[in-house]
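K.L.:
Sequence first, predicted coordinates after that:
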Amino acid sequence: MPEMPEVETVRKTLTELVLGKTIEKAKVWYPNIIIGDSESFCNQLKKKKIIKIDRYAKFLLFRLSDNITIVSHLRMEGKYRLATPHEEKNKHDHVEFIFTDGTSLRYNDVRKFGRMQLVETGTEKQKTGIKKLGPEALSEGFTLSYFQRALRNKKKNIKAVLLDQNVVSGLGNIYADETLWLSKINPERPGNSLSCDEITSLYKAINQVISQAIKAHGTTVHSFLDAEGQTGGYQKYLKVYGRAGKKCFRCGATLQKNHIAGRGTTFCPKCQEVK
DNA sequence: GCAGGTGTTGAATG
DNA sequence: ACATTCAACACCTG
């Protein structure tokens, strides 16, 4: 899926496309996408107006009139696009919001991993997946001292720590590898083995990579498209992700790919050597 | 046919 | 209770 920069890109494009529209009716073709009862989901959305679209880490929050919020997670391959209700259903279209102006918003998800949940606005931090998340990358709560404290008792490898949304939320496999390369830290190092300087360097790398990726409208490596069907731009800045077997831009060594923390992990065996 | 893939969850394990 | 690992979710691509 989209990691935080991609979700932020979707949020912005969705805002352009559907802000202010009123839902005439919602349709769910694949109920497993909806957490809770899908019929009641559709019933509660009738005549609700989209007044704002927020984001928390990788979650999208559609703020609707009458104090309700759709919390949406795209997981690996969820996508939104503007359509019309009489358009034929695409192969992996699972949910549709039909608007009173004759357009509609379709949710398409090849792997069906994405989820939507309807909650009373303000309760999303207690009632949804947001509840267990650590501070978002780039947010006020994600301070250097927080990060230092969080790493202190982490015995698992740093790659797994960066992927753990309870520690810091927003990073996924691509940006975890990029930040580790930038700060020259081997992905297998235990979290609590990092020096003070290394933690600082990694902290800066997280802020730098995520904010640049947001500026570039995210990364398209597999299938990511924003709500307007556009690809991201950050893929041209990637230093390690997808470059296994190629030369490190910094030292020229051949980049290596290992299975770490259950995910394919690309790194430079020379400048990210285990110390 | 088999493995791997932008993510999260819950069960199993220590 | 806590930290950590790993299969499962479902489908497409190489």
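P.N.:
On my side now, so go ahead.
K.L.:
Let me see the ranges of the strands in the stretch 151-275 of chain A.
P.N.:
Using DSSP state E, counting those that start in this stretch, the strands found in the stretch 151-275 of chain A span residues A:256-260, A:263-267.
K.L.:
looking at those strands, which is buried most?
P.N.:
Counting by mean count of other CB atoms under 10 Å, strand A:263-267 has the highest mean neighbour count of the strands of the stretch 151-275 of chain A, with a mean of 20. All C-beta spots, glycine's among them, are computed from the backbone N, C-alpha and C.
K.L.:
So what sits opposite residue A:56 in the bridge?
P.N.:
According to DSSP bridges, the residues that bridge with residue A:56 are residue A:59.
K.L.:
Figure out which of the strands of the stretch 151-275 of chain A is closest to DNA strand B.
P.N.:
strand A:263-267 (2.5 Å; CB to the nearest atom of the strand).
K.L.:
partners of the closest one in the sheet?
P.N.:
Looking at strand A:263-267 with DSSP bridges, its partner strands are strand A:256-260 (antiparallel).
K.L.:
Show me the contact partners of the strand it pairs with.
P.N.:
Contacts with strand A:256-260, where a contact means CB atoms under 8 Å, 6 or more residues apart in numbering, come from A:157, A:159-160, A:187-188, A:244-245, A:264-269.
K.L.:
Just the CA atoms from it would do, formatted as PDB, please.
P.N.:
Output of strand A:256-260 as PDB, limited to C-alpha atoms (Å, rounded to 0.1, in the frame of the first residue of the first chain):
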ATOM      1  CA  GLN A 256      21.800  -6.600  -1.300                       C
ATOM      2  CA  LYS A 257      18.300  -7.900  -0.600                       C
ATOM      3  CA  ASN A 258      17.500 -10.000   2.500                       C
ATOM      4  CA  HIS A 259      14.300 -11.200   4.100                       C
ATOM      5  CA  ILE A 260      14.200  -9.200   7.300                       C
END
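K.L.:
For the residue of chain A found nearest DNA strand B, which non-adjacent residue is spatially closest?
P.N.:
Going by CB to the nearest atom of the strand, DNA strand B is nearest to residue A:172 of chain A, at 1.6 Å. Using CB to CB, 6 or more residues apart in numbering and skipping the chain neighbours, the partner closest in space to residue A:172 is residue A:3 (3.7 Å).
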